[in-house]
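Novice: coordinates for the following, if possible.
(2 chains)
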Amino acid sequence: MTVVKIDEVTKVYEGKVTHRALNQLSFEVEKGEFLAVMGPSGSGKTTLLNLISTIDSLTSGTILINGINPHSLDKEELPLFRRRQLGFVFQDFNLLQMLTVEENLVLPLTLDGMPIKEMESRVQELAERLHLQPFLHKKPNEISGGEAQRTAIGRALIHRPALILADEPTGNLDSKASKDVLELLSGLSREEGTTIIMVTHDPIAASYCDRVLFIKDGEFFNEIYGDERRQTFYQKILNVLSLLGGSVNDLSPTRLP
Amino acid sequence: MTFRQLAFRNVFRNLRSYAAFLLASVFSVMVFFIYSMFIFHPLFEEEGFRVLAVRGMFIAEIVLYIFTLFFLFYSLSAFLQARTKEFGVLMHLGMSKKQLNKLVFFETMILGGLSTAAGIIFGFAFTKFFFMIGREIMQLEELPLYFSWKPFVLTIGAFASLFIIISLISVSFIRTKRVVDLLVGFWKTEEEAAYSPALSAFGLLLLGIAYFLAATVSDRTVYIMVFIVPPLATIGTYLFFTHSIHTFLQLYKKRRSIYWHKTRLVSLAEAAVKLKDSAQMFFIVTIVSTVAFLTVGTLASFTSYTAEFRQSNPLGLIYVSFEGNTLEQQQLDQLKRELEQQQLAYTLVPLEVKRQTSSASGNDVDIMSLSEFNRLAVALGHEPARLQAGEAMFLPFSQESLRELQKSYAETELVESGVELTIDQTYPQVLFPAHTLNANTIIMNNEDFSKVDEPLMGYPPGTSDFRYYAFHVPDWTETVSIGENVRYPISEAMVSGNFAGLNYYFENPGYEYRWFKSSFALLLFIGLMVAAVFFIYFKLYTGLERDRRQYQLMVRLGMTERELGKIVNRQLVPLFFLPWALALLHSAFAFISLQVVWDEFAELSILSEMAIVLGGFTLMQILYFFLIRWRYIAHLKAY
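Specialist: Prediction:
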């Protein structure tokens, strides 16, 4: 089943300098698939993510999420669509500092006026799955980066969205925390059928995915599918990246195992 | 680019973000300047009248100065805090702490210079207008515009010192822990308020006690309570904002069925952070607003008092001479001479007043003779009274007492002299102000009056009587400067409460009337309050970047416009109306006490004036709320 269908999507930024950020990009994401989108800086990754998350408008083309075209929804329905169908994970976690971990988790549910019992049971379930129990009542500034990102993933999952969008989720984490978070995400897609689109620079992070989509200057460049061994998949990703001709940083040699 | 140019450009290219700060300082300078124009007015220097209004304005100037100091200091720290990131960049590029201090100092002085100049220009432009108002209120013939260096020097000196002080202090508040911390700026740790349930209960208790004392005050205890209630209420208010509120919020948060409901989760948590951040500010705003309400309310009641003033003070001047007064003739001559010098027509009626004990009530009464009383009544244009032998007539001391006395009837004997009287009439006009004669005062037929020949019990013969000199002056408001040196010892004695050695009493209603009229100087406090609400704006400005990021996140997470509006409302409403509500409550109780004081000397109800004043302020605050909300939401969305 196709969850996300991107068809001939083009985004042009008008202004003093007209800039074509995405050019006739098309791809599909299946249910339960964990997709990585890679590309050098300025390739249009973030624009793509913003378009899928409906906070930016399309120039042409269509995006369908679960068969719905969010860009045709009106101002009232759009936030509700985001709130129910999408989950977000950010590079800098973006947890609300004044809320505890538990309160951050239930935030998307409270907006929809869900019964307290249901919210509490979902928090319990997620806390177990994500190992959040010991610090449910702590504030975001009292926990580590990895714990904060797990909380953010929990917040993205709690309302059981159709699609999770992750923007460099490991960008601010050390290698151990990165590994935890990536294993968590791939586990979610494999075991629970969660559909995830992750934008990343990091070939290691991408190697946890089922498929990696490369874009360059806003256009489709290549895609590769994962295989049994992560090691070889990682090598393949590096090969494509070197073809892609990104800057040295994109290869992040420090992360070579 | 020189260092000074950097400071200069920082200010002028950020003028828009400094606009509120500039506006507030310009406003303070303007008010200060206008008041100093009043203080140094040559007219006030010539007339002895100067002491009144001018002294009031002088006190107001000092209060304004202190308040402005706090206010500008607070706003400047808010701006510096909002610029932490910029300072981080500068230090990252290698600016030393010393240079940074210098930069901030320059910038503040530029802002200070600008606002002082603008304030003086606007102040001078509006001075004529305020002189016109002042002339009307103080009923002066003219209050011309004048030019003198004094108000300029005072204003420039005051604000130069003020800006130097605040720039020196606020510089030391840029906490330069590490450059990294400055660069990160906000969006950092936010700790919950540390609160203690014991202290929050104690705060509420103090407020309760203060309210109870204020509500149950009597005219005897009121002067003690003046020193007890305000400190109690002040400490109570402080604890309320630093502890009690947070205890309430915590209790609320524990109830998930209420707390975890739609937008409440975010808005409550956010309100808690904002309340904690600005507890001290709320405290100051509450106290300032209370003071402003009280002064304006008092002023309103003064105004209504002056409207009734003539009714209860029909005499022009009053001089009462007791036994052993050696100055009597000299002072009377002086009063007459001064009246003549000022070309004021007058009628002087001397009245002999005897004192006796009434058998009916057991209290002593003041007695006047019919013929002397009638001379005064006729001079004032009233009907003369008529009395048969053995009859007497009550004299009312206020409109209220007139109504009561008309219903009363007494058969009594003047105990010392053995004169029997029937009192069943009341003179229908108030001729003598309340406290210049005994509350029980009667007039008697001349024959009966001459039979009263024994002194009041416990006095040697002839010493209990006194002479009451009533001056009728048709132009009674012009007597302000008459008998200044006669009045002076009386005012001294009033202040010290020690009347020993004073064998006379003097009252100048025209002067008192002026005094009430000139109390408009207190209007200044409205200015203080306008400044107080600016606080809220600065507070919001400081946290704007953080709030903006939060807003972006919420939009992404799928919050609708309406929900965001709700959240903003719930955050702003407590900021605006919590100090407000508390100040209203404080003032309401303070006015209950004030009413007691008023009852004592003017029998005047200030309820309607109070209702108008508090209602008007509330309306203003609501308008201000909508204005700020509109600006704040516009700022939030500008990402």
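
Novice: any regions of the stretch 101-250 of chain A where pLDDT drops low?
Specialist: Along the stretch 101-250 of chain A, segments meeting pLDDT under 70 span A:245-250.

Novice: over to whichever residue of the stretch 1-150 of chain A sits closest to chain B. Which of the three states is it?
Specialist: Distance from chain B to each residue of the stretch 1-150 of chain A (Cβ to the nearest Cβ) is smallest for A:Arg83, at 2.8 Å. For the C-beta atoms, the positions are set from N, CA and C on the backbone; glycine is no exception. A:Arg83 falls in the helix class when you classify it by DSSP: H, G, I helix; E, B strand; the rest coil.

Novice: neighbours of it, how many?
Specialist: 22 (other Cβ atoms under 10 Å in any protein chain shown).

Novice: please, which helix or strand holds A:Val4?
Specialist: Assigned by DSSP states H and E, A:Val4 belongs to strand A:2-13.

Novice: tell me which helix or strand comes right after that strand.
Specialist: Later in the chain than strand A:2-13, the nearest helix or strand by DSSP H and E is strand A:19-30.

Novice: so what secondary structure elements neighbour the strand holding A:Val4?
Specialist: strand A:19-30, helix A:45-52, strand A:60-65 (3 or more Cβ pairs under 8 Å, 6 or more residues apart in numbering or on different chains; DSSP states H and E).

Novice: and the ones you listed, which is most packed in?
Specialist: Greatest average neighbour count among those goes to helix A:45-52 (a mean of 21), per mean count of other Cβ atoms under 10 Å in any protein chain shown.

Novice: tell me the mean pLDDT for that one?
Specialist: Throughout helix A:45-52, pLDDT has a mean value of 87.

Novice: that one packs against which elements?
Specialist: Counting by 3+ Cβ pairs under 8 Å, 6+ apart, helix A:45-52 packs on strand A:2-13, strand A:19-30, strand A:34-38, strand A:60-65, strand A:163-167, strand A:196-199.

Novice: which residues touch the second one?
Specialist: Residues outside strand A:19-30 that contact it (Cβ atoms under 8 Å, 6 or more residues apart in numbering or on different chains): A:1-13, A:35, A:44, A:47-48, A:51, A:61, A:163, A:195, A:197, A:213, A:215, A:217-220, A:223.

Novice: grab the CA positions of it and hand them over as CSV.
Specialist: Written as CSV, here are the backbone C-alpha positions of strand A:19-30 (Å, rounded to 0.1, in the frame of the first residue of the first chain):
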residue,chain,number,x,y,z
HIS,A,19,15.4,29.8,-7.3
ARG,A,20,14.1,26.4,-8.4
ALA,A,21,14.5,24.3,-5.3
LEU,A,22,12.7,21.2,-6.5
ASN,A,23,12.2,20.2,-10.1
GLN,A,24,9.6,17.5,-11.2
LEU,A,25,10.5,15.1,-8.4
SER,A,26,8.5,11.9,-8.2
PHE,A,27,8.6,9.0,-5.8
GLU,A,28,6.4,6.8,-3.6
VAL,A,29,6.7,5.5,-0.1
GLU,A,30,5.1,2.2,0.9
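
Novice: what mean pLDDT does that strand get?
Specialist: The model assigns strand A:19-30 a mean pLDDT of 86.

Novice: where's that strand relative to the chain centroid, distance-wise?
Specialist: 16 Å (Cα atoms, centre = their mean, to the nearest Å).

Novice: could you do the third one as well?
Specialist: Between the mean C-alpha point of strand A:34-38 and the mean C-alpha point of its chain there is a distance of 8 Å (Cα atoms, centre = their mean).

Novice: and that strand, which strands flank it?
Specialist: As defined by DSSP bridges, the strand partners of strand A:34-38 come to strand A:196-199 (parallel), strand A:211-216 (parallel).

Novice: show me the contact partners of the host helix or strand of B:Phe152.
Specialist: B:Phe152 belongs to helix B:149-171 when elements are defined using DSSP H and E. Here helix B:149-171 makes contact (Cβ under 8 Å, 6+ apart) with B:29, B:32-33, B:36-37, B:39-40, B:65, B:68-69, B:72-73, B:76-77, B:80, B:100-101, B:104-105, B:108-109, B:111-113, B:115-116, B:119-120, B:123.

Novice: with only the CA atoms kept, save that helix in CSV.
Specialist: Extracted in CSV, the C-alpha atoms of helix B:149-171 (Å, rounded to 0.1, in the frame of the first residue of the first chain):
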residue,chain,number,x,y,z
TRP,B,149,16.9,78.3,32.7
LYS,B,150,16.0,76.7,35.9
PRO,B,151,13.5,74.0,34.8
PHE,B,152,15.8,73.1,31.9
VAL,B,153,18.8,72.6,34.2
LEU,B,154,16.8,70.7,36.7
THR,B,155,15.4,68.3,34.1
ILE,B,156,18.7,67.8,32.2
GLY,B,157,20.6,67.3,35.5
ALA,B,158,18.1,64.9,36.8
PHE,B,159,17.9,62.7,33.7
ALA,B,160,21.7,62.9,33.0
SER,B,161,22.4,61.5,36.4
LEU,B,162,19.6,59.0,36.0
PHE,B,163,20.9,57.6,32.7
ILE,B,164,24.4,57.5,34.0
ILE,B,165,23.3,55.5,37.0
ILE,B,166,21.2,53.0,35.0
SER,B,167,23.8,52.5,32.3
LEU,B,168,26.5,51.8,34.9
ILE,B,169,24.3,49.4,36.8
SER,B,170,22.8,47.5,33.9
VAL,B,171,26.2,46.9,32.3
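
Novice: ok, B:Ala201 - contacts?
Specialist: Listed by Cβ under 8 Å, 6+ apart, the contact set of B:Ala201 reads B:Ser244.

Novice: circling back: tell me the most buried of the strands paired with strand A:34-38?
Specialist: Mean neighbour count (mean count of other Cβ under 10 Å) peaks for strand A:196-199 among the strands paired with strand A:34-38, with a mean of 26.

Novice: for the next helix-or-strand element following that strand, packing partners?
Specialist: As assigned by DSSP H and E, the chain's next helix or strand after strand A:196-199 is helix A:203-206. Packed against helix A:203-206 by the contact rule (3+ Cβ pairs under 8 Å, 6+ apart) you find strand A:34-38, helix A:175-192, helix A:230-244.

Novice: gap between helix A:203-206 and the chain center?
Specialist: Chain-centre distance of helix A:203-206: 13 Å, with Cα atoms, centre = their mean.

Novice: quick revisit: buried set for the helix holding B:Phe152?
Specialist: Neighbour-count burial for helix B:149-171 flags B:151-152, B:154-156, B:158-159, B:162-163, B:166-167, B:170-171 (criterion: 16 or more other Cβ atoms under 10 Å in any protein chain shown).

Novice: stretch B:621-628 too?
Specialist: Quick answer for stretch B:621-628 (16+ other Cβ under 10 Å): B:621, B:624-625, B:628.

Novice: what's the answer for stretch B:562-582, then?
Specialist: For stretch B:562-582, by 16+ other Cβ under 10 Å, it's B:563-564, B:566-568, B:570-572, B:574-576, B:578-580, B:582.

Novice: same question for stretch B:456-473.
Specialist: Buried-residue list, stretch B:456-473, by 16+ other Cβ under 10 Å: B:456, B:464-473.

Novice: and what of stretch A:231-247?
Specialist: Neighbour-count burial for stretch A:231-247 flags A:233-234, A:236-238, A:240-241, A:244, A:246 (criterion: 16+ other Cβ under 10 Å).

Novice: helix/strand/coil for the residue positioned nearest the centre of chain B?
Specialist: Closest to where the C-alpha atoms of chain B average out (Cα atoms, centre = their mean) is B:Thr295, at 2.2 Å. Per three-state DSSP, the local secondary structure of B:Thr295 is helix.
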